[in-house]
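Trainee: Here is my input, please return the structure:
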Amino acid sequence: MNNPKSISVSVVGRNDNYGSNLEHRAVLCLNNLIQKFDEVIFVDWVSPEKSLIKSIEGDLIKSGKLKVYEVSQADVDQKNPEYSKYVIVESVARNIGLRRSNCDWWLSTNIDVMLDYFDTDDYDNSTMYTVGRRNVPEGFHLDQNNKNNLLNLLLQQKDSWPRAQNTVGYEENGKPIPLWDCGDIWSLVLGPGDFLFAHKNVWNEIKGFEERFGGRFYTDSNVLKKAALSFGYENIKRADQDVFHMDHDSHPGQRHIVDEGKELPMNDQNAAVPNFEKTHNSDDWGWHGYDLTSYVL
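Mentor: So this is what the prediction gives:
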C-alpha cells in the first residue's frame, strides 16, 4: 500500500470458543476493523477441525481487506517444535501477522476489541503507543440486536465504562514508579495488549513480540519495554483513543477442554519485564519468508 498513513491491524485467535460466545465477538470485531481500517490480518493458530474464519465467513464483510493466515500443527512442529504442545502461542502468531502487513502503521489488538478509525498524523513514528481500554459488560454487547450500530452506541455511551487504570505513577522529581506489578514501569495501563500501535520502523527495530515467551502473560508489557530500550522511556505513551473490550469469561484452563493434553504455562515475569535486556528474536521473526495457507475475503 502506497499511502504512508495507512494502518494494518493484526488479530490472532483459534476456533475454540475461548471465553464463550467467541463467534459473536469475532464477527463484531472483524467487521468493525474491516470497515474502519486499511488492512486486517487474522492469524488462526491450529484450530480444531476448521479455522475460526471458516466458521463465521458468512457473517463477515467481503471487501478484500481481510487476509487470513492459517497455522497448522505441522507448521508449528517444523518452525517452533518447542511449542508443539502449547494450545496457542500468541507472541509468534502476532508476529506472523505483523510481518505480513503491507501498511506503514501496524496495530496489534485482540479478537474482542472494537474501535474507531484514527488519524496517524496524531502519532510519532518513533513511539510505541498503548491505550487504557473500556470494558463493556458481556450482557450489554450480547443484548444488542443492531450489530452494525454497536460501535456508534459504544461511543455515545463511553462514559459508562471508565478506562482501565494507569499502572505507573510519578515521584515529585518525575521518576516513574510502578503501581501494579513490582518492577514494571513499562505496561502504562492494565491490559496494554488491546492496543499496541507504532510505525513499522519501530516494530522492525524491536523485532516484534518476544518469541521465546510462548506462554501466558507479560508479552505485551515486554513489547513496551523493548520499545523503551530502543527509543527511550519517553517514547512509550498512552494514546487518547477509545478502545472497547467486549468482556467474556476468561478461565485460563478453558482451552484445555478443547485440546486435551496441551499446555500453556505462565511466562517468567522477571525475565520478560524487569530483567529483560535485549531481544533473542532472529531476523526472520514472525516466520518471515515461510509459506502459510492463506486467503483473502
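Trainee: all strands for the stretch 151-297 of the chain, in order.
Mentor: 168-170, 176-178, 196-199, 236-238, 243-246, 293-296 (DSSP state E, counting those that start in this stretch).
Trainee: burial of residue 173, as a residue count?
Mentor: 5 (other CB atoms under 10 Å). For glycine as for every other residue, the C-beta is placed from the backbone atoms N, C-alpha and C.
Trainee: What values do phi and psi take at it?
Mentor: In this entry, residue 173 is assigned phi and psi values of phi -90, psi 10 (degrees, to the nearest 10).
Trainee: about what we covered before: next, format the strands of the stretch 151-297 of the chain as a markdown table and append distance to residue 225, mean neighbour count and mean pLDDT.
Mentor: Written out in a markdown table, the entries for the strands of the stretch 151-297 of the chain read as follows (distance: least, CB to CB, whole Å; neighbours: other CB atoms under 10 Å; pLDDT from 0 to 100):
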| stretch | distance to residue 225 | mean neighbour count | mean pLDDT |
| --- | --- | --- | --- |
| strand 168-170 | 12 | 13 | 95 |
| strand 176-178 | 12 | 13 | 95 |
| strand 196-199 | 12 | 24 | 98 |
| strand 236-238 | 8 | 20 | 98 |
| strand 243-246 | 21 | 24 | 97 |
| strand 293-296 | 31 | 12 | 98 |
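Trainee: nearest to residue 214, of those?
Mentor: Ranking those by their distance to residue 214 (criterion: CB to CB) puts strand 196-199 first, at 17.7 Å.
Trainee: Touching that closest one from outside, list them.
Mentor: In this structure, residues lying in contact with strand 196-199 by CB atoms under 8 Å, 6 or more residues apart in numbering are 104-109, 123, 125-130, 220, 223-224, 227, 239.
Trainee: Apply 7 Å and report the result again.
Mentor: If you take CB atoms under 7 Å, 6 or more residues apart in numbering as the criterion, strand 196-199 is touched by 104-108, 125, 127-130, 220, 223, 239.
Trainee: picking that back up, make CSV out of the strands of the stretch 151-297 of the chain and add distance to residue 18.
Mentor: As requested, the strands of the stretch 151-297 of the chain are exported to CSV (distance: least, CB to CB, whole Å):
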stretch, distance to residue 18
strand 168-170, 29
strand 176-178, 29
strand 196-199, 20
strand 236-238, 27
strand 243-246, 13
strand 293-296, 21
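Trainee: May I see the ChimeraX selection of the buried members of the contacts of strand 196-199?
Mentor: Below is the selection syntax for ChimeraX that covers the buried ones among the contacts of strand 196-199, with 16 or more other CB atoms under 10 Å defining burial:
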select :104,105,106,107,108,127,128,129,130,220,223
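Trainee: Relative to residue 11, which of the strands of the stretch 151-297 of the chain is closest?
Mentor: Across the strands of the stretch 151-297 of the chain, closest to residue 11 is strand 196-199 (CB to CB), at 12.0 Å.
Trainee: How far off centre is that closest one?
Mentor: In this view, strand 196-199 has its centroid 11 Å away from the chain centroid, taken as CA atoms, centre = their mean, to the nearest Å.
Trainee: Residue 67: which of the strands of the stretch 151-297 of the chain is closest?
Mentor: For these, distance to residue 67 was read as CB to CB. The smallest value, 5.4 Å, belongs to strand 293-296.
Trainee: Starting from the closest one, tell me which strands it pairs with and how they run.
Mentor: Using DSSP bridges, the strands paired with strand 293-296 in its sheet are strand 66-71 (antiparallel).
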